[in-house]
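Enquirer: Quick one, fold the following:
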Amino acid sequence: MRSAALALTLIPVVALSQTQAGIEHEHGAGHLDIAVSGAELSLSLVVPAADIVGFERPAQTDEDRALVAGAISDLSKPLELFVLSEDAACFTATANVTLLAEGLGPEAGIAPSEDQDQHTEFQADYQIQCQTVDVIDAIGFAYFERFPNALKLVVKIEQSGRIQLHEVTRSMPNLPL
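Expert: Numbers count the residues shown, from 1 in each chain. Model (predicted):
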């Protein structure tokens, strides 16, 4: 019974993805939204599954399922992927990782047409609490070290009514704030 419960927590929920306004599905490119409110950072990551596990089809083999489970485990540790100053004393309050699917046929409850592409992507939502958020002057993206197929992240930061857009890449994995 314990094994079944553990397996259920590691197997992703497959759901139909809803197209987000203005966000195109592009291999190698993900999107990270960060909202700063007081001592809390809300992060929302959307990235093609190919960038994370190397494929976008449903996991078919035990090896595929192990890759997905490992990815979910790694994506559930945001402070290991998005590195903040230790002086900020941040911790992860919540982490929710989901594998979203579009055009996958019977597993997703729909039959794909001949010309319909299969797209899956990971969505991860985090709440980060920091004791001294003001000392955060940069974000390091160890994300690129962990996921070799990821090439860039489009980062949107909302703070104090201002919105900033940035592009962070594998070759420039640090974002000064």
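Enquirer: need the strands for the protein, in chain order.
Expert: Applying DSSP state E to the chain gives strands spanning 14-16, 29-37, 40-48, 82-83, 90-102, 119-130, 138-141, 152-159, 162-169, 174-176.
Enquirer: Need these in JSON lines (columns: distance to residue 72).
Expert: To be clear about C-beta, it is placed using only N, CA and C from the backbone, and glycine gets the same treatment. Formatted as JSON lines, the strands of the chain follow (distance: least, C-beta to C-beta, whole Å):
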{"stretch": "strand 14-16", "distance to residue 72": "12"}
{"stretch": "strand 29-37", "distance to residue 72": "15"}
{"stretch": "strand 40-48", "distance to residue 72": "12"}
{"stretch": "strand 82-83", "distance to residue 72": "17"}
{"stretch": "strand 90-102", "distance to residue 72": "5"}
{"stretch": "strand 119-130", "distance to residue 72": "8"}
{"stretch": "strand 138-141", "distance to residue 72": "19"}
{"stretch": "strand 152-159", "distance to residue 72": "19"}
{"stretch": "strand 162-169", "distance to residue 72": "22"}
{"stretch": "strand 174-176", "distance to residue 72": "25"}
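Enquirer: Find the centremost residue of this structure, please.
Expert: The residue lying closest to the centre of the chain (C-alpha atoms, centre = their mean) is residue 45, at 3.7 Å.
Enquirer: Now do the closest residue to that one other than its chain neighbours against residue 153, distance only.
Expert: Once flanking residues are discounted, residue 45 sits nearest to residue 124: 4.4 Å by C-beta to C-beta, 6 or more residues apart in numbering. Separation of residue 124 from residue 153 (C-beta to C-beta, to the nearest Å): 12 Å.
Enquirer: Brilliant, that's me finished.
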